[in-house]
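Trainee: fold the stuff below for me.
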Amino acid sequence: DIALETFRTLFCQRVLEKRDGKGKLIFDKFYQTITHFMGYPFWTREKHFDIKNHIVAYDYKLEGIECFDENCLKKYLPKILNQYWQNGRSFWNITLVHGYNGRPQTLVIMKWQHVLAPSELISTEKILNSSKYENILAIAEGNITISIPIRPF
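Mentor: Numbers count the residues shown, from 1 in each chain. Alright, predicted model coming up:
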């Protein structure tokens with residue numbers, strides 16, 4: 001299991017603050033949202049970016065669920081997929097589910113708009129196994145479970 005604040009800190013360090021050889025942010029769009037001017041869309045920086053708006057923990061016990069397993073995940077994913085993006089916020093979020101399958105591990109559910117990542121990193125599996133961006137999300141030693149990638153919409 002990885003604590004929510006620890007995950008947020010490591011995600012900031014290893015993804016949001018990751019820079020290329022020229023010092024430019026690799027995932028700068030994770031800070032951006034779309035605005036419209038004269039009918040045209042433009043990228044703009046999120047005015048009040050707060051990592052707490054993008055990385056949250058789901059407390060399934062508040063809903064009377066004792067053990068969050070694959071069956072619960074199949075019911076929970078449509079809820080996440082059908083949530084609208086918050087106006088003025090960047091188009092991504094991560095939900096942590098602690099105690100997945102009743103074990104001391106954390107399920108990481110990532111939802112993002114496909115334009116936020118380089119084309120080779122569209123799926124969660126690719127981002128975790130990419131040698132190009134080695135160790136970006138290698139956060140906890142074997143205690144993070146990644147389930148099916150969530151397709152952007």
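Trainee: quick one: contacts for residue 97?
Mentor: Residues in contact with residue 97, defined by CB atoms under 8 Å, 6 or more residues apart in numbering, are 57-58, 60, 68, 73, 106-107, 109. The C-beta positions use only the backbone N, C-alpha and C, and glycine is treated the same way.
Trainee: same deal with residue 96?
Mentor: Going by CB under 8 Å, 6+ apart, residue 96 touches 2, 4, 7, 55-58, 106-109.
Trainee: just those now: which is nearest residue 87?
Mentor: Ranked by distance to residue 87 (CB to CB), those are led by residue 56 at 17.8 Å.
Trainee: what is the burial count for that closest one?
Mentor: Counted with other CB atoms under 10 Å, the neighbours of residue 56 add up to 13.
Trainee: what does residue 86 give?
Mentor: Every residue meeting other CB under 10 Å relative to residue 86 is counted, giving 13.
Trainee: thinking again about what came up before, from the contacts of residue 97, which land in strands?
Mentor: The strands in this structure, assigned by DSSP state E, contain 57, 106-107, 109 from the contacts of residue 97.
Trainee: in the longest helix out of those in the chain, what counts as buried?
Mentor: In terms of residue count, the longest helix belonging to the chain (DSSP state H) is helix 70-81. For helix 70-81, the buried set under the neighbour-count rule, 16 or more other CB atoms under 10 Å, comprises 72-73, 76-77.
Trainee: ok, for residue 65, nearest residue in space, not its chain neighbours?
Mentor: Setting aside the residues directly before and after it, residue 65 is nearest to residue 72 in space (CB to CB, 6 or more residues apart in numbering), at 5.9 Å.
Trainee: all set, thanks.
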